[in-house]
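# Predicted structure and sequence below. I'll ask about it afterward.
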Amino acid sequence: MKISAVILTKNEEKNLERCLKSLSFVDEIIIIDDYSSDKTKELVDFFKKKLNILFFQKRLSGDFSSQRNFGLQKAKNQWVLFVDADEEISSVLSKEIQLLTPENEIRCYYLKRRDFFWERELRFGETIMTRNQGIIRLVKKDSGRFEGKVHEEFIFFKQKAKTKKLSGFINHYPHQTTKEFLKTINDYSTIRARELFEKGEVPSLFQLIFYPMCKFLLTYFLYLGFLDGPAGFVYSFMMSFHSFLVRAKLFQYYGEKSQSENS
């Protein structure tokens with residue numbers, strides 16, 4: 001089957017080469033770039049000599065679903081593979097995808113993802129669900145759309161859509177330094193807090209105090225994050241801190257709204 005791959009980029013010169021090399025088997029690659037200020041564009045121009053790449057620049061504007069849906073619209077092929085710039089398709093998964101002869105009823109494939117953090121593979125904790133159950137990344141065009149401004153989900157137009165899970169892995173190399181990790185959770189928590197604010201979700205002090213704590217206990221102990229050593233602790237702590245920031249910023253937005261109404 002013919003496949004279009006979609007990649008979202010923003011200053012990804014350190015990651016993009018690895019990602020593109022893993023996609024040599026697809027028929028076209030669509031890159032949606034949020035006006036990168038590094039050498040992302042130059043790297044894309046270099047790989048255009050080897051791969052069929054279509055490059056578009058579009059402001060993210062705090063909405064990842066909008067970017068992904070834009071990629072869906074631009075895709076020429078019936079099947080669309082979504083890969084982040086800090087990911088690569090493993091050789092096993094690449095061969096598995098190339099051998100697919102999907103039935104007409106199938107609308108998507110779940111792809112398992114394994115995370116590499118601080119030069120080691122995380123097998124437990126925060127990432128255990130995507131590692132074992134996978135995430136929707138290979139979809140049939142016109143079968144649905146992405147929703148949610150961050151941590152977006154693929155929503156089918158028809159209920160009870162038939163899906164399958166592949167056995168190969170996407171390899172994920174997120175925020176390899178603490179500085180990058182802090183920047184990511186700061187940016188993502190701002191988008192998520194704004195999304196909740198626009199939906200009218202009211203924060204509570206109970207959530208602010210206990211939700212991040214419970215999330216850490218869940219991922220580090222119940223999901224066995226401690227088995228991943230220091231990297232597992234840091235990952236669980238950072239993601240619980242992300243939950244704290246979302247609720248703290250939500251309080252901030254309501255405070256600003258109250259001040260504006262009273263002024």
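Nice, thanks for sending it over.
# Grab the nearest non-local neighbour of residue 89.
residue 22 (4.3 Å; C-beta to C-beta, 6 or more residues apart in numbering). C-beta coordinates here come from the backbone N, C-alpha and C atoms, glycine included.
# Am I right that the one you found is in contact with residue 88?
Yes - assessed by C-beta atoms under 8 Å, residue 22 is found in contact with residue 88 at 3.9 Å.
# More neighbours: these two, which one.
Comparing residue 22 with residue 88 by neighbour count (other C-beta atoms under 10 Å), the higher total belongs to residue 88, at 23 against 20.
# Give the helix, strand or coil label for the more buried one.
Recorded secondary structure, residue 88: strand (DSSP: H, G, I helix; E, B strand; the rest coil).
# cool, residue 167 as well?
When classified by three-state DSSP, residue 167 comes out as strand.
# Tell me how far it lies from residue 109.
Residue 167 sits 11 Å away from residue 109, taking C-beta to C-beta, to the nearest Å as the criterion.
# So for those two, which residue has more residues nearby?
Shown here are residue 167 and residue 109; by other C-beta under 10 Å, residue 109 has more neighbours (21 against 10).
# which residue ranges form the strands in the stretch 101-250 of the chain?
For the stretch 101-250 of the chain, the strands defined by DSSP state E, counting those that start in this stretch cover 106-117, 120-122, 135-140, 144-147, 153-156, 162-172.
# Nearest to residue 195, out of those strands?
strand 144-147 (10.7 Å; C-beta to C-beta).
# same question for the closest one, mean pLDDT?
For strand 144-147, mean pLDDT is 97.
# Residues touching stretch 125-140, excluding its own?
Under the contact criterion C-beta atoms under 8 Å, 6 or more residues apart in numbering, stretch 125-140 has outside partners 3, 72, 78-83, 97, 102, 106-115, 122-123, 153-154, 163, 165-166, 170, 219-220, 223-226, 228, 232, 235-236, 239.
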